[in-house]
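Colleague: model this:
(one chain, ligands or ions: 1)
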Amino acid sequence: MMFVLTEAAPSPRPPVALLNNNRAEFDTAKVLQMLPDNWSMQLISQFLSSSIRKTVNGSRMLRVEHMLARGAYLQTKQEAIECCSNVVSLTDDSSCAVCGKGFSEPTFARYPNGVVTHVACAKNKSVCPVTGKLFRTVSVTTATSK
Ligand SMILES: [Zn+2]
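Modeller: From the prediction side, this is the model:
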């Protein structure tokens, strides 16, 4: 009787269990490149299905974020268009709505209702000095978007 001793193939169970139970910790593409050829797809099916689910979910979340950012961009663009469409022209005959004096300097204040005053006469940016109308207060930033 003769026995041939061969080195037993290592059992894949611990690595498979590690993959299937800690799928969030592994990069799916790298794992697939490193898998031994003799491992069946069924062996790591739990890992694969979870990875695919995670990837699809991540892709959908990115798409939602992209669409929300696009909505915010379009809203800002619309506000910029509306803001630029209200052009203020000051002539020699133009006068401040508060003090009635002409504009000697190129700076002025314009309220959303069209009232134009000197910057010094615009004491409260949220309240029109002529009509007393209250405007919402928003922080103004310089926008240079395209
Ligand atoms: Zn004035």
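Colleague: Next secondary structure element downstream of the helix or strand of the chain with the lowest mean pLDDT?
Modeller: When each helix and strand of the chain is scored by mean pLDDT, DSSP states H and E, helix 13-21 comes last, with a mean of 80. Beyond helix 13-21 in the direction of the C-terminus, DSSP states H and E gives the next helix or strand as helix 28-34.
Colleague: pull the CA atoms of that following helix into PDB?
Modeller: What follows is helix 28-34 as a C-alpha-only set of coordinates in PDB (Å, rounded to 0.1, in the frame of the first residue of the first chain):
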ATOM      1  CA  THR A  28     -15.100  45.100  -5.300                       C
ATOM      2  CA  ALA A  29     -12.900  45.600  -8.400                       C
ATOM      3  CA  LYS A  30      -9.700  44.700  -6.500                       C
ATOM      4  CA  VAL A  31     -11.400  41.700  -4.900                       C
ATOM      5  CA  LEU A  32     -12.500  40.300  -8.300                       C
ATOM      6  CA  GLN A  33      -8.900  40.700  -9.600                       C
ATOM      7  CA  MET A  34      -7.500  38.800  -6.700                       C
END
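Colleague: Would you mind naming what in this structure lies close to the ion?
Modeller: Counting by Cβ under 5 Å from the ion, the residues of the chain close to the ion are 96, 98-99, 118, 121. Any C-beta I mention is one placed from the backbone N, CA and C, and that applies to glycine too.
Colleague: If we ignore the residues flanking it in sequence, what's nearest residue 92?
Modeller: Counting by Cβ to Cβ, 6 or more residues apart in numbering, residue 92 lies nearest to residue 102, which is 7.0 Å off, once chain neighbours are set aside.
Colleague: for residue 111, same thing?
Modeller: Counting by Cβ to Cβ, 6+ apart, the nearest residue to residue 111 once its immediate chain neighbours are dropped is residue 128, at 4.8 Å.
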